[in-house]
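**Student:** No sequence on hand, only this structure:
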């Protein structure tokens with residue numbers, strides 16, 4: 001049976017269609033994904049889980065769509081101030097948005113760990129996210145041990161990873177919305193049977209159905 005996670009940390013490869021030059025296109029840095037493929041990725045979240053999802057200003061609506069498609073309820077957001085300006089049409093972009101959503105019953109950080117909603121750290125290489133955000137997640141939710149970074153580029157101690165630039169710890173795939181529902185329902189049934197210690201209700205086929 002596939003491993004499930006308490007924390008999902010994701011930086012999807014959003015696809016942009018308005019770059020005027022090949023040099024400035026996202027594809028010059030990494031392979032992007034169609035929105036529907038991102039939405040239909042079967043995310044291995046536990047029944048109670050927190051999602052930290054990176055989005056940019058032009059992609060805020062798409063990011064909210066992805067959060068909903070993955071089964072999370074939007075709660076709040078923070079901003080990463082890159083301390084330098086980039087490119088842009090309305091503004092020269094200087095920030096990215098970190099959306100936070102929950103699934104099931106998850107509590108916010110205790111009061112002493114609640115800081116400001118703006119993370120300030122100078123941008124370095126293209127698309128690399130600030131260390132301070134991951135550090136805040138680890139400190140604020142130290143009691144949650146099963147963590148995964150999706151679309152990762154590097155392996156981080158204490159985190160499982162999945163992406164096309166790393167040695168993945170798990171296998172994921174794009175499935176239809178109907179298959180999402182089917183797998184979630186099957187996982188819930190299996191979890192209930194295991195909790196009840198009713199081995200007669202659990203078969204090898206049940207486990208195989210949940211292996212991706």
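**Tutor:** Yep, that arrived. As the structure is a computational prediction, the values presented were derived from the model and not from experiment.

**Student:** Could you pull out the strands in the protein for me?
**Tutor:** Assigned by DSSP state E, the strands in the chain fall at 5-10, 45-55, 73-81, 95-103, 118-120, 147-150, 160-162.

**Student:** ok, the first one: who's next to it in the sheet?
**Tutor:** Within its sheet, strand 5-10 is paired with strand 45-55 (parallel), strand 147-150 (parallel), according to DSSP bridges.

**Student:** Please apply the same query to the last one.
**Tutor:** Strand 160-162 has these partner strands in its sheet, going by DSSP bridges: strand 147-150 (parallel).

**Student:** what's the domain layout of the protein?
**Tutor:** Following automatic domain parsing, one gets these domains for the chain: 5-171, 175-212.

**Student:** Out of those, which gets the lowest mean score?
**Tutor:** Among the domains of the chain, domain 175-212 carries the lowest mean pLDDT, at a mean of 62.

**Student:** bridging residues for the closest residue to residue 156 other than its chain neighbours?
**Tutor:** Distances taken as Cβ to Cβ, 6 or more residues apart in numbering put residue 149 closest to residue 156, at 6.6 Å, once the chain neighbours are dropped. For the C-beta atoms, the positions are set from N, CA and C on the backbone; glycine is no exception. Residue 149 has these beta-bridge partners by DSSP bridges: residue 9, residue 161.

**Student:** Residue 149 touches residue 165, doesn't it?
**Tutor:** No: contact criterion Cβ atoms under 8 Å: residue 149 and residue 165 do not qualify, at 11.5 Å.

**Student:** The two: which has the busier surroundings?
**Tutor:** residue 149 (25 against 12; other Cβ atoms under 10 Å).

**Student:** burial measure for residue 129, as a count.
**Tutor:** 20.

**Student:** Check the one 3 residues further on too.
**Tutor:** By other Cβ under 10 Å, the residues close to residue 132 number 13.

**Student:** And for residue 51?
**Tutor:** Counted with other Cβ under 10 Å, residue 51 comes out at 26.

**Student:** Equivalent analysis for residue 39, please.
**Tutor:** Residue 39, neighbours per other Cβ under 10 Å, totals 19.

**Student:** Isn't it up against residue 67?
**Tutor:** No: in this structure, residue 39 is not within contact of residue 67 by Cβ under 8 Å, at 9.5 Å.

**Student:** any idea how far residue 119 is from residue 162?
**Tutor:** 24 Å (Cβ to Cβ, to the nearest Å).

**Student:** Which residue, other than its chain neighbours, is closest to the residue nearest to the spatial centre of the chain?
**Tutor:** The centroid of the chain falls nearest to residue 10 when counting by Cα atoms, centre = their mean (2.8 Å). Spatial nearest neighbour of residue 10, excluding adjacent residues (Cβ to Cβ, 6+ apart): residue 150 at 4.1 Å.

**Student:** Now do the contacts for the closest residue to residue 130 other than its chain neighbours.
**Tutor:** In space, and not counting its chain neighbours, residue 130 is closest to residue 121: 3.7 Å by Cβ to Cβ, 6+ apart. Listed by Cβ atoms under 8 Å, 6 or more residues apart in numbering, the contact partners of residue 121 are 80, 81, 82, 83, 130, 131, 132.

**Student:** Thank you kindly, that will do.
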